[in-house]
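> Provided below are the primary sequence and the corresponding predicted coordinates.
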Amino acid sequence: MRVPLFDLRLDERDRDAVDRVLRSGWLTMGPRTEEFEQRFAEHLGVKHAVAVSSGTAALHLALLGAGVEPGDEVIVPAITFVATANAARYCGASPILADIYGTHDFGIDVSDVERRITSRTKAVCAVHYGGYAAAVGELAALCAQHGIALIEDAAHSPSATAPGSDRKLGTLGLAGAFSFFSNKVLSCGEGGLLATDDDAVAALARSRRSHAMTSVTWDRHRGHAQTYDVVELGFNYRIDEIRSALLTQRMRGLDADIQKRRALVTTYREELSRMPGVAFPYSDSDVSRSSCYIMPVTVDDPGRRDALRSIMLTRHEVQTSVLYPSIADFTAYREARSDSLPRADLVASSQVTLPLFPHMDTAQQTAVLDALGNALESAADR
Ligand SMILES: *Cc1c(COP(=O)(O)O)cnc(C)c1O
């Protein structure tokens, strides 16, 4: 592969941070996890940060914190990773798919959300697609008006902000869920975090991530407790010390990484604006607030999208992806498609995700652009 979709580079300090944990002999849910939670809470400017085993676990706990129960409905965008919708089903609730704004903005459409609110709606889960803010201000007002919770799926947006605000995404609803999966903006392999200013939601997440036990191993190790009770149905959603230490270390480079991502995205946008047959969402000023997780484009002719991707891969060795297929098209979600989702369908059929990672060099980026230009011409000839 000349240019992979994503590439991860860990340095000596990252390896040292992991090595120190391995030498300490204490591998899970201890002082390094507490330290990471504190750092991340400070970074976000939020009262509570609860580190967990994945972004999916954080979403599940956030919805439980919002009181989502069997029979309830949770409105989610049709264009997102399946975890957003799965988390509602883990609570026994039905995910209700809402449309997105369109090819210029892949965020959940607030008026479509409003149309889908019923007496059973308990929460709306907005996704900050690609690190670009969903319409959180309007969604928060809509949710407040209906007495329902706004949950932010901030898996893509660990350091991004909303327009007209310095507040970080993931801190504007009842709770925000972050992911530290390998290819995310801040990554450690597998991990996640729930951020909230709500004391009760934080307490629920802390309890349920470790089987709702009244004390954890680390408390007992320090002699703070002898035994424990189990007070609710909880889960093993714990994160380990190795990942927490790696995350604390890698957070030092987070803002610099995002600056590099923004510079690459700016170059992509300049070059793509001169390329016929292809468009891209969001504005230049959105880029300056985004964590720039991915570089999405849409092709004008969706019928040629798959051919274009295979030319890029086989002829130019440039890997691309589709983020995301519509959830409405998954076999396991056949019943979730209530009516038409025209703009989600259009994006799902025309989207291509280009390679993006902080240490991508000029030659690699030029190779991607050349491959795309060539594939657009070749695909057009067919
Ligand atoms: C990655 C991702 C998740 C899930 O995070 P995991 O850590 O992989 O469980 C949820 N939502 C979105 C939008 C994601 O991209």
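Done, it's in.

> which residues does residue 320 contact?
When contacts are counted by Cβ atoms under 8 Å, 6 or more residues apart in numbering, residue 320 touches 5, 309, 312, 313, 352, 353, 354, 355. C-betas here are computed from N, CA, C, even on glycine.

> What about the ligand: which of those residues touch it?
For the ligand, no contacts are drawn from the contacts of residue 320 by Cβ under 6 Å from any ligand atom.

> low-confidence ranges in this structure?
The model of the chain has pLDDT under 70 over residues 338, 379-382.

> hang on, residue 333 in a strand?
No - using DSSP: H, G, I helix; E, B strand; the rest coil, the secondary structure at residue 333 is helix, not a strand.

> Pretty sure residue 316 sits against residue 376.
No - judged on Cβ atoms under 8 Å, residue 316 makes no contact with residue 376 at a distance of 12.0 Å.

> between the two, who's got more neighbours?
Comparing residue 316 with residue 376 by other Cβ atoms under 10 Å, the one with more neighbours is residue 376, at 20 against 17.

> In this model residue 299 seems to touch that one, though I could be wrong.
Yes - taking Cβ under 8 Å as the definition, residue 376 is a contact partner of residue 299 at 7.4 Å.

> what touches both of these two?
Counting by Cβ under 8 Å, 6+ apart, the residues touching both residue 376 and residue 299 are 277, 278, 308.

> Would you mind listing what in this protein touches the ligand?
54-56, 80-81, 83-84, 127, 153, 155-156, 179, 181, 192.

> Mind doing that once more with 8 Å?
Neighbours of the ligand within the chain, by Cβ under 8 Å from any ligand atom: 54-59, 80-81, 83-84, 127, 129, 153, 155-156, 177, 179-181, 184, 190-192, 293, 323.

> hang on, the earlier thing: turn the contacts of residue 320 into CSV, columns for secondary structure and distance to residue 67.
Listed next are these as CSV, based on DSSP: H, G, I helix; E, B strand; the rest coil; distance: Cβ to Cβ, whole Å:
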residue, secondary structure, distance to residue 67
5, coil, 38
309, helix, 42
312, helix, 46
313, helix, 46
352, strand, 39
353, strand, 35
354, strand, 40
355, coil, 41
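
> Return a selection command, for use in ChimeraX, containing the buried ones of those residues.
To isolate the buried members of these in ChimeraX, using 16 or more other Cβ atoms under 10 Å:
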select :5,309,312,352,353,354,355
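
> Quick one: residues contacting the closest residue to the ligand within the stretch 51-200 of the chain.
Closest contact between the stretch 51-200 of the chain and the ligand, by Cβ to the nearest ligand atom, is at residue 55 (2.6 Å). By Cβ under 8 Å, 6+ apart, residue 55 lies in contact with 83, 153, 155, 177, 178, 179, 180, 181, 184, 191, 192.

> do residue 17 as well
Per Cβ under 8 Å, 6+ apart, neighbours of residue 17: 245, 246, 248, 249.

> cool, residue 317 as well?
1, 2, 3.

> are any of those buried, and which?
By 16+ other Cβ under 10 Å, these give residue 3 as buried.

> between the contacts of residue 317, which is closest to residue 96?
Distance to residue 96 across the contacts of residue 317 (Cβ to Cβ) is lowest for residue 3, with 38.1 Å.

> can you pull out the strands in the stretch 51-200 of the chain?
For the stretch 51-200 of the chain, strands defined by DSSP state E, counting those that start in this stretch occupy the ranges 73-77, 94-98, 100-102, 105-108, 121-127, 149-153, 175-179, 192-196.

> got those strands as CSV, with mean neighbour count columns?
Listed next are the strands of the stretch 51-200 of the chain as CSV, based on neighbours: other Cβ atoms under 10 Å:
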stretch, mean neighbour count
strand 73-77, 27
strand 94-98, 22
strand 100-102, 21
strand 105-108, 25
strand 121-127, 27
strand 149-153, 28
strand 175-179, 31
strand 192-196, 30
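
> could the ones you listed be laid out in JSON lines, adding distance to residue 371?
Listed next are the strands of the stretch 51-200 of the chain as JSON lines, based on distance: least, Cβ to Cβ, whole Å:
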{"stretch": "strand 73-77", "distance to residue 371": "30"}
{"stretch": "strand 94-98", "distance to residue 371": "33"}
{"stretch": "strand 100-102", "distance to residue 371": "26"}
{"stretch": "strand 105-108", "distance to residue 371": "23"}
{"stretch": "strand 121-127", "distance to residue 371": "28"}
{"stretch": "strand 149-153", "distance to residue 371": "31"}
{"stretch": "strand 175-179", "distance to residue 371": "29"}
{"stretch": "strand 192-196", "distance to residue 371": "34"}
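
> Could you report the distance from the nearest residue to residue 187 once chain neighbours are set aside to residue 262?
Computed as Cβ to Cβ, 6 or more residues apart in numbering, the closest residue to residue 187 that is not its neighbour in sequence is residue 180, at 5.2 Å. In this view, residue 180 and residue 262 are 20 Å apart by Cβ to Cβ, to the nearest Å.

> Which one of those two is surrounded by more residues?
residue 180 (30 against 17).

> Just list the residues touching the residue nearest to residue 187, thanks.
Here residue 180 is in contact with 55, 186, 187, 188, 189, 190, 191, 192, 193, 243, 247 (Cβ under 8 Å, 6+ apart).
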